[in-house]
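Asks: predicted structure and sequence below. I'll ask about it afterward.
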Amino acid sequence: MRRKLMGFLPVSSIPFSRIYGISPVTDTLGSYKYKVFKKENRYGKGILVSCAYGKNDDPNAIAFVNEVITPIHQLLATYDAPDDFKVPIIDNYEFFNVVGGAYTIKKNKTGSIIFGLTLLVIGIHELTPDAWLGHEINLGRICFLMFMLIGGPAIILAGLTEVTFDRGSRLLTRKNPIGWGNKTYSFDDYNGVQTVRKSTNLIYTGTDVQVYFLQPQSQKEEVLVLQSFFSTRKVEKFIAELNTIMS
């Protein structure tokens, strides 16, 4: 595979044996693009090979998958080595606390509580006569206060929320002290994992790892964000641990 600047100036080349495949990448606005990923960096930035699509049933996206991605994947399969897709054996869990058959995602609760309280205290201070930003009412001040007064408690709640995979009962549970947003999903309804790369002003800000579950009655898909990482190595390790738990 070759990358060319403006369509004719060679920039780099990647042997087929190093290419993992072409996968969709969803952005925070809901649209998605297709990118090529290397085997040594399956959840990294990737190389863009398509335009953006807004819907799963976009006829152009369907044609791109059928006419481009499928034949390329068939070609890439001939260059795969036996160990390229070998499932790693997980002996030590880096991102889960293991108690018996229960696997709880590790979180920095103390950091979240301190950060959330700091935002909340600043927000409350800005409502007092000694406010640092004065008392002028404008859109910027309103947005600032909303972020502090709502974002602070939200960060605290997120830090106190626990997500546990119980292999005995085959249930995933998300719970927090106030019961807001508590969820329970069966492993039998698990419908896969997906990563979402986030960016602000075109600057990469991290990758969310999401899992999907199908509701048995409605067959509607629900998404749950498990963790966010900046390092692609951590993304790959987390997904490997998750796949081991769900297997």
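Replies: Looks like it came in fine.
Asks: next up, the contacts around residue 92.
Replies: Contacts for residue 92 (CB atoms under 8 Å, 6 or more residues apart in numbering) come out as none. Just so you know, the C-beta spots here come from the backbone N, C-alpha and C atoms, and that holds for glycine as well.
Asks: from residue 166, how far out is it?
Replies: Between residue 92 and residue 166 the distance is 20 Å, computed by CB to CB, to the nearest Å.
Asks: ok, the nearest residue to residue 149 once chain neighbours are set aside - contacts?
Replies: Of all residues not flanking residue 149 in the chain, residue 123 sits nearest, at 4.1 Å (CB to CB, 6 or more residues apart in numbering). Remark: with contacts taken as CB under 8 Å, 6+ apart, residue 123 is in contact with 145, 147, 148, 149, 152.
Asks: per-residue pLDDT, residue 123?
Replies: pLDDT, residue 123: 90.
Asks: name the element it belongs to?
Replies: Residue 123 is part of helix 109-125 when elements are defined by DSSP states H and E.
Asks: so what sits opposite the residue nearest the centre of the chain in the bridge?
Replies: For the chain, residue 208 is the residue whose C-alpha lies nearest the centre (CA atoms, centre = their mean; 1.8 Å). Per DSSP bridges, the residues bridged to residue 208 are residue 196, residue 228.
Asks: quick one: it and residue 228 touch, right?
Replies: Yes. Using CB atoms under 8 Å, residue 208 is in contact with residue 228, at 5.0 Å.
Asks: so what sits against both of these two?
Replies: residue 198.
Asks: any idea of the pLDDT on the residue lying closest to residue 127 once chain neighbours are set aside?
Replies: Distances taken as CB to CB, 6+ apart place residue 145 nearest to residue 127, at 7.3 Å, with adjacent residues excluded. We have a pLDDT of 89 for residue 145.
Asks: what about residue 145, how many residues close to it?
Replies: 17 (other CB atoms under 10 Å).
Asks: pull the distance from the helix or strand harbouring it to the chain's centre.
Replies: Applying DSSP H and E as the criterion places residue 145 in helix 139-146. Helix 139-146 sits 28 Å away from the centroid of its parent chain (CA atoms, centre = their mean, to the nearest Å).
Asks: just want the angle from it to helix 109-125.
Replies: Angle between the axes of helix 139-146 and helix 109-125 is 140 degrees (criterion: axes from the mean of the first three to the mean of the last three CA atoms, to 10 degrees).
Asks: moving C-terminal from helix 139-146, which element do we reach first?
Replies: Taking DSSP H and E, what comes next after helix 139-146 is helix 152-160.
Asks: show me what that next one is packed against.
Replies: helix 109-125 (3 or more CB pairs under 8 Å, 6 or more residues apart in numbering; DSSP states H and E).
Asks: the helix it packs on to helix 152-160, inter-axis angle?
Replies: 170 degrees.
Asks: and helix 109-125, how far out from the chain middle?
Replies: 25 Å.
Asks: what's the answer for stretch 135-152, then?
Replies: Worked out by CA atoms, centre = their mean, stretch 135-152 lies 28 Å from the chain centre.
Asks: ends of that stretch, how far apart?
Replies: One end of stretch 135-152 sits 21 Å from the other (CA to CA, to the nearest Å).
Asks: mind listing what's buried in the helix holding residue 123?
Replies: 112, 115, 116, 119, 120, 122, 123 (16 or more other CB atoms under 10 Å).
Asks: can you tell me the closest non-neighbouring residue to the first one?
Replies: In other words, residue 112. Nearest non-adjacent residue to residue 112 (CB to CB, 6+ apart): residue 159, at 2.5 Å.
Asks: all good on my end, thank you.
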